[in-house]
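Chemist: sequence-free structure coming up:
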Ligand SMILES: Nc1ncnc2c1ncn2[C@@H]1O[C@H](COP(=O)(O)OP(=O)(O)OP(=O)(O)O)[C@@H](O)[C@H]1O
């Protein structure tokens with residue numbers, strides 16, 4: 001089956017175990033044409049596994065997946081789909097002893113390269129140099145050009161902005177937005193909430209291999225997308241700071257942490273009953289989102305890495 005009306009990505013009950021280790025379990029979702037879809041989760045959540053399944057690089061333990069209406073477990077259908085897909089892996093590797101230009105020539109011959117020159121202007125790299133001498137940022141930029149120069153219907157990207165400096169990241173987000181305006185679809189994984197928030201229409205949150213949330217970014221953040229941290233001269237019980245719009249209040253070492261909707265009137269109103277010694281308001285990080293949904297952060301080191309990165313942004 002393959003036709004223009006098929007959703008670019010369609011996944012049902014997709015499951016992958018590596019022996020006893022769960023990669024992903026029972027993933028079911030559809031990405032619609034023209035969407036920018038963010039696949040968000042901490043390290044080890046299963047993002048790369050899902051992407052590698054979609055690209056036919058791994059065989060599912062169970063379930064089905066199709067790209068642009070083609071079954072990814074069928075070799076011929078997969079090959080057909082891939083001509084319309086741009087793939088940006090997380091660990092970009094090229095044969096080391098070739099120049100950047102030769103890498104692009106190779107992919108150009110396979111799939112086309114009508115946007116090559118324009119993309120190279122936006123994501124410049126030292127084309128005549130061997131890719132083994134590239135910095136990681138240049139490697140990533142070369143991979144962006146290679147993934148997009150044939151103007152793919154669907155782009156699938158595994159943490160595409162890692163290693164890119166902020167200006168290049170912006171250029172990249174603009175590229176996704178232009179694609180969207182032209183009705184093209186982009187799917188990318190990330191563990192950085194701020195970028196998902198900036199460009200994505202919908203987001204799927206994956207944790208421990210399972211999809212735990214699938215909604216628009218606005219809806220996911222509606223209740224707890226803003227974090228206010230306050231220190232008061234008084235010592236009211238945390239419940240005293242619960243008012244409409246507050247999703248959660250935690251108290252630690254005399255500091256109150258409120259996850260709330262972006263409506264400040266009620267907050268200011270309530271705080272006016274106390275003496276505010278310190279106050280900070282910021283956007284929620286991915287860790288805050290997990291805290292909000294589950295009452296706790298993920299275990300292990302993964303989330304602390306994420307928090308550090310996220311709060312730097
Ligand atoms: N080849 C493999 N063999 C065994 N286990 C694996 C393999 N690849 C991934 N896993 C395990 O599957 C789970 C999901 O890993 P995956 O790489 O898909 O997560 P991720 O969300 O992409 O993480 P990251 O953000 O760190 O790239 C983890 O527990 C990981 O250890």
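Modeler: Yep, it's here. Note that the structure is a prediction, hence the values are computed from the model and not measured.
Chemist: who does the helix or strand harbouring residue 53 touch, helix- and strand-wise?
Modeler: If you go by DSSP states H and E, residue 53 is part of helix 47-54. Packing contacts for helix 47-54, counted by 3 or more C-beta pairs under 8 Å, 6 or more residues apart in numbering; DSSP states H and E, involve strand 9-18, strand 21-31, strand 36-40, strand 62-67, strand 154-158, strand 185-190. All C-beta atoms are positioned from the backbone trio N, CA, C, and that covers glycine.
Chemist: could these be laid out in a markdown table, adding mean pLDDT, mean neighbour count and distance to the ligand?
Modeler: Formatted as a markdown table, the helices and strands packed on helix 47-54 follow (pLDDT from 0 to 100; neighbours: other C-beta atoms under 10 Å; distance: least, C-beta to the nearest ligand atom, whole Å):
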| stretch | mean pLDDT | mean neighbour count | distance to the ligand |
| --- | --- | --- | --- |
| strand 9-18 | 97 | 18 | 3 |
| strand 21-31 | 96 | 18 | 4 |
| strand 36-40 | 94 | 25 | 9 |
| strand 62-67 | 96 | 20 | 15 |
| strand 154-158 | 95 | 24 | 7 |
| strand 185-190 | 94 | 25 | 7 |
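Chemist: if we can go back for a sec, the helix holding residue 53 to strand 62-67, inter-axis angle?
Modeler: 70 degrees (axes from the mean of the first three to the mean of the last three C-alpha atoms, to 10 degrees).
Chemist: What are the contacting residues of the helix or strand hosting residue 267?
Modeler: Per DSSP H and E: residue 267 is located in helix 265-271. The contact list for helix 265-271 (C-beta atoms under 8 Å, 6 or more residues apart in numbering) reads 228, 230, 232, 241, 243-246, 258, 260, 279.
Chemist: Pull up the residues of the stretch 151-300 of the chain that are close to the ligand.
Modeler: residue 191 (C-beta under 6 Å from any ligand atom).
Chemist: what is residue 38 paired to in the beta sheet?
Modeler: residue 188, residue 203 (DSSP bridges).
Chemist: Flag every buried residue along the helix holding residue 267.
Modeler: Under the neighbour-count criterion of 16 or more other C-beta atoms under 10 Å, helix 265-271 has 267, 270-271 buried.
Chemist: Could you dump those residues into a markdown table with pLDDT added?
Modeler: Output for the buried residues of helix 265-271, formatted as a markdown table (pLDDT from 0 to 100):
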| residue | pLDDT |
| --- | --- |
| 267 | 87 |
| 270 | 89 |
| 271 | 91 |
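Chemist: Dump the helices and strands packed on helix 47-54 to JSON lines, plus distance to residue 122.
Modeler: Converted to JSON lines, those look like this (distance: least, C-beta to C-beta, whole Å):
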{"stretch": "strand 9-18", "distance to residue 122": "26"}
{"stretch": "strand 21-31", "distance to residue 122": "25"}
{"stretch": "strand 36-40", "distance to residue 122": "18"}
{"stretch": "strand 62-67", "distance to residue 122": "26"}
{"stretch": "strand 154-158", "distance to residue 122": "15"}
{"stretch": "strand 185-190", "distance to residue 122": "16"}
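Chemist: these two touch, right, residue 276 and residue 232?
Modeler: Yes - here residue 276 lies in contact with residue 232, judged by C-beta atoms under 8 Å, at a distance of 6.2 Å.
Chemist: neighbour-wise, which of these two wins?
Modeler: residue 232 (19 against 13; other C-beta atoms under 10 Å).
Chemist: How far off centre is the helix holding residue 267?
Modeler: Helix 265-271 has its C-alpha centroid displaced from the chain centroid by 34 Å (C-alpha atoms, centre = their mean, to the nearest Å).
Chemist: Now the element after that helix, going C-ward?
Modeler: strand 276-283.
Chemist: Give the pairing partners of that next one; include direction for each.
Modeler: The pairing partners recorded for strand 276-283 under DSSP bridges are strand 226-232 (antiparallel).
Chemist: what is the mean pLDDT for the partner strand?
Modeler: For strand 226-232, mean pLDDT rounds to 92.
Chemist: buried sites along that strand?
Modeler: By 16+ other C-beta under 10 Å, the buried positions in strand 226-232 come out as 226-228, 230, 232.
Chemist: got the contact list for that strand?
Modeler: 241, 254-262, 267, 271, 274-285, 288.
Chemist: distance between it and the chain's centre?
Modeler: 27 Å.
Chemist: Mind checking what helix or strand follows that strand in sequence?
Modeler: strand 246-252.
Chemist: The helix or strand following that following strand pairs with which strands?
Modeler: Next in sequence after strand 246-252, counting helices and strands by DSSP H and E, comes strand 255-260. Partner strands for strand 255-260, per DSSP bridges, with pairing direction: strand 226-232 (antiparallel), strand 246-252 (antiparallel).
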